[in-house]
Structure formats: structure tokens, C-alpha cells
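Asks: Predicted coordinates and the sequence they were generated for:
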Amino acid sequence: KKETIPTYPNISRPLKCLDVFAGCGGLSEGLHQSGVAVTKWAIEKVDTAASAFKLNNPDCTVFTDDCNNFLKEVMSGEKTDKLGRKYPLKGEVELLVGGPPCQGFSGMNRFNSREYSKFKNSLIVSYLSFCDYYRPRFFILENVRNFVSFKRSMVLKLTLRCLLKMGYQVTVGILQAGHYGVPQTRRRAIIMAAAPGEVLPQYPEPRHVFSPKAGGLSIIVDDKKILSGCLFTDSAPLRTITVYDSMSDLPEIENGDHKEEMAYGTEAITHFQKLMRDKTEGALLRDHICKDMSYLVAARMAHVPKTKNADWRDIPNIVVKLGDGTYSKKLIYTHPDQKNGKSSTGAYRGVCSCASGRKCDPMDRQFNTLIPWCLPHTGNRHNHWAGLYGRLQWGEFFSTTVTNPEPMGKQGRVLHPVQNRVVSVRECARSQGFPDKFKFYGHILDKHRQVGNAVPPPMGKAVGLEIRRS
């Protein structure tokens with residue numbers, strides 16, 4: 001049977017979109033790429049993220065405001081904000097999108113009256129209030145994967161009930177960003193709703209195969225399994241996008257380099273890189289900058305081997321000269337390890353008295369060692385901290401892109417595959433599928449936060465194409 005390339009109907013004009021909790025604009029960027037919408041208004045409380053949104057969407061009215069203040073003003077009849085910018089009117093917003101933070105609840109699973117009160121005052125309900133006020137034709141709520149199981153799925157059920165009470169058709173599913181062409185595992189809960197008379201969109205079929213080890217896409221609610229309705233999740237027409245595909249063309253830089261713009265220096269190597277590159281003549285590469293780590297951390301990164309699965313456990317226990325002219329210290333194993341015993345040569349394996357079953361002794365702590373003392377100290381309780389100071393692998397994909405790449409962070413490997421540094425802002429942006437022309441704003445940590453908090457544009461594009469198809 002001959003395969004056909006999917007086609008999407010021509011639309012008379014893009015839907016007018018309001019993006020709440022907009023961040024730097026990853027979801028809006030994807031929707032714009034799909035052709036389904038143009039974001040006319042955006043609300044973002046963090047000023048650096050709001051500035052980034054405005055940089056990339058100069059024709060959009062960006063409100064740097066708390067969404068509750070915005071809604072209060074609109075519902076009290078205000079037509080403009082204090083700067084004279086017009087609020088959207090009822091009937092103007094055709095597509096409402098946003099990812100309300102799921103904060104303020106305790107980590108426990110109970111859902112009592114106190115927790116219900118917190119839900120009523122949460123940003124999720126604020127976002128649903130936007131839907132109730134503006135009554136858009138289509139609605140998207142994006143959140144972390146655990147949103148669907150939070151409080152024994154009570155938050156999910158209340159959210160769906162609110163939308164159904166408003167008369168909307170509703171569907172919920174888990175999407176894996178890696179299925180839509182990014183070199184990263186990132187599962188997200190997506191609720192889509194359509195007004196009466198509209199066709200409820202389907203979830204987009206995977207375009208790229210992706211490792212099932214990255215986690216399932218089903219939801220269990222009250223012992224019932226809910227699937228997104230995609231026909232294929234184990235197969236797709238295209239292969240996985242890898243770290244090599246995404247960033248092997250970027251110029252070599254060093255720890256702490258902060259040159260805001262530079263020439264690409266080489267041609268794009270892969271199809272993904274060609275898609276990402278700014279095609280404007282004479283375009284420069286922006287934000288290929290990386291965090292400046294201390295001399296000791298820099299020495300540790302330099303001693304992580306450039307081999308598969310290398311991490312802190314492969315750092316040699318030696319004395320080295322640091323960048324400031326001082327020397328590191330050798331880690332001394334001072335105590336028998338009750339759990340693992342002695343090494344094959346009879347040497348101790350513990351670095352604190354707690355290794356032999358006694359209380360921790362603050363005097364056992366060692367500083368300025370190439371092997372970080374804290375890692376063997378607590379390794380028995382934490383799977384030996386596998387992956388810390390770990391290098392990305394060219395042939396694999398990123399863990400979920402973080403808001404602050406730290407070699408000692410628990411979120412995954414953040415060292416470059418062959419360079420002795422953490423990943424740059426632009427490399428993280430590539431891992432999210434942001435085109436190189438996309439601008440970020442502020443200090444390097446602001447930029448990392450904007451990238452890490454964003455919806456990958458290719459996933460937003462895939463969802464947008466389904467709304468367009470509906």
C-alpha cells in the first residue's frame with residue numbers, strides 16, 4: 001500500500017490565541033509553525049520570560065502580570081491595563097492555551113476539604129476561569145505528566161468536570177515530545193477541549209520512534225486505563241532524533257564562554273540541524289554560551305572519560321593542579337563499608353563513620369577532592385549517584401531538559417559528549433526543538449530557565465496541526 005504524506009486543510013485565517021503562563025513562548029511558537037493560530041495576547045508573570053516572548057512575537061500584546069490580577073481587571077469591566085494596552089474582549093479569543101503550575105498542594109495523596117480549598121484557589125482554577133469567561137472555540141491545558149495522577153487523579157477529574165460543566169467536549173492524553181522530532185524524553189499531559197459545534201481534535205500520531213523505556217503514555221484513573229487514542233505508539237515513519245543530530249554542528253566552546261553571537265563556522269551536518277538553523281543570509285549563532293563552573297568542578301569535568309556511560313565514578317582519585325594554581329586533594333577512604341565490604345586489595349571503601357553503621361562524624365568530611373566526598377558518602381542510599389557528572393552520548397537523547405544544568409543535579413547527564421563543560425543555552429534550546437532564530441532574554445540562568453520551562457515547539461506544532469485538521 002502506498003503511503004501518502006498527511007495534508008492539512010487550508011484555513012481562511014489563523015485562530016486568535018491567548019497564551020496564559022506563556023513563558024518564553026514555546027507552545028505559541030509551535031502553534032504558529034502549524035499555521036493554526038496567531039498569538040494576539042500573552043500573559044507571563046516573570047519579566048525576563050515575558051521579554052523573551054515579546055522579542056519573538058513583536059506584534060503580540062504581552063502582559064507582564066499575574067493572571068489573577070489580569071482576570072480581576074477584565075471581569076470588573078476594565079478595557080485596558082495601566083499602560084493603555086487593550087485587554088481581549090469576550091468573543092475575541094478563539095484559542096486559549098496555557099500550562100498552569102501545579103503548586104500549592106501537599107505531596108500526600110489524600111484529598112480532604114483543606115486540599116479542595118487549595119484546589120479552588122489554585123492557578124489551575126484560575127486558568128479554567130479564563131475559559132469560562134472567554135469561552136474560546138478550542139482550549140489546551142499542558143502540564144507535567146504527573147498532573148493526571150496527582151491526588152489520586154482528583155485534580156484531573158475536577159478539571160475535566162469543570163470543562164464539561166461549561167459545555168465543552170474534552171479529551172486527555174499523555175504525549176512524548178520525542179515522538180514529534182526532538183532529541184529529548186519529555187512526557188506531558190495535554191487536555192484538549194472544543195466548544196459545542198466544533199470538532200474535538202485527535203492527538204497527533206508519532207512521527208518518530210522513541211524508546212519505550214522513557215515511560216508509558218497510558219493513564220490509570222480509578223483502575224481504568226485511558227489511552228490517547230493514537231493508533232501507533234510503538235512505531236513511526238521516522239527514526240529517533242539523537243544528540244548528534246541536534247548539536248554536532250555547533251562550534252567548540254569552553255567552560256564559561258559567554259560570547260552572545262558567533263559564526264556557525266561549518267555547514268549543517270544533519271537534516272535536523274538544517275531545520276533549526278537561521279536561514280537569513282549572514283545569520284549569526286546566538287546564545288551558544290555555557291555556565292562558568294568553579295576551578296574544581298572544571299577539573300572534575302575534564303577528568304570524566306569521553307566513553308559511554310562515564311560519570312563521577314570514572315573520575316581518577318588523584319591530585320591535580322587547578323586553574324587558579326592551587327591543587328586538589330586525594331580522597332582518603334577511612335572506614336570499612338558495612339554494605340560493600342573491602343575492595344579486592346583489602347582497602348576501605350567508606351569515607352565516613354556511617355559506612356560502618358555508626359553516626360556521621362562531621363570531622364570525617366573532606367574538602368577540595370577531585371572525587372566529590374559527598375557522593376561516596378551517600379552513594380549506598382542513592383544507587384551510587386549513577387549519572388552525576390555524566391556525559392551525554394552522541395547516539396542517545398537528552399533526559400528532560402532542565403532549567404539549570406548542574407553536574408551534581410539529579411535530573412540527568414548535562415556534560416557535553418566530548419567537550420569539558422556543561423551544555424550551552426543553544427544546545428538545550430536545540431534539545432527542545434527551538435529554531436536558532438528564537439531569542440532568549442536576560443542572564444544565562446534566566447535563559448536556561450526559559451528553555452527548560454518551555455513546551456517543545458515541535459510538540460506544539462503537532463497539536464496545532466490536529467486542531468487545524470479538526
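Replies: It's in.
Asks: how far does stretch 89-100 sit from the chain's center?
Replies: How far stretch 89-100 lies from its chain's middle: 23 Å, per C-alpha atoms, centre = their mean, to the nearest Å.
Asks: Can you pull out the residues in contact with that stretch?
Replies: Contacting residues not belonging to stretch 89-100 are listed as 15-23, 27-28, 31, 36-37, 40-41, 122-124, 126-127, 130-131, 133-143, 455, 467 [C-beta atoms under 8 Å, 6 or more residues apart in numbering]. For the C-beta atoms, the positions are set from N, CA and C on the backbone; glycine is no exception.
Asks: Among those, which ones are in helices?
Replies: Counting by DSSP state H, the part of the contacts of stretch 89-100 found in helices is 27-28, 31, 123-124, 126-127, 130-131, 133-134, 467.
Asks: Let me know the closest of those to A263.
Replies: S28 (29.3 Å; C-beta to C-beta).
Asks: Would you check that W385 makes contact with L375?
Replies: Yes: the pair W385 and L375 qualifies as a contact (C-beta atoms under 8 Å) at a distance of 4.9 Å.
Asks: shared neighbours, those two?
Replies: By C-beta under 8 Å, 6+ apart, W385 and L375 have these common neighbours: W312.
Asks: What subset of the ones in helices among the contacts of stretch 89-100 is buried?
Replies: Neighbour counting with 16 or more other C-beta atoms under 10 Å marks 27-28, 31, 123-124, 126-127, 130-131, 134, 467 as buried within these.
Asks: ok, the residues you listed vs V172, which is closest?
Replies: Nearest to V172 among those is I124, at 13.5 Å by C-beta to C-beta.
Asks: which residues does that closest one contact?
Replies: I124 is in contact with 100, 102, 141, 155, 159, counting by C-beta under 8 Å, 6+ apart.
Asks: Check the burial of the first one by counting its neighbours.
Replies: Using other C-beta atoms under 10 Å, P100 has 21 neighbouring residues.
Asks: how about it, secondary structure?
Replies: coil (DSSP: H, G, I helix; E, B strand; the rest coil).
Asks: quick one: it and V155, what's the gap?
Replies: For P100, the distance to V155 equals 11 Å [C-beta to C-beta, to the nearest Å].
Asks: Next: the second one.
Replies: C102 is 7 Å from V155, where distance means C-beta to C-beta.
Asks: Between the two, which contacts overlap?
Replies: With C-beta under 8 Å, 6+ apart, C102 and V155 have common neighbours 124, 147.
Asks: The two: which has the busier surroundings?
Replies: Neighbour count, other C-beta under 10 Å: between C102 and V155, V155 has more, with 22 against 17.
Asks: and the more buried one, helix, strand or coil?
Replies: Going by three-state DSSP: V155 is helix.
Asks: One more: E396?
Replies: Applying three-state DSSP: E396 is coil.
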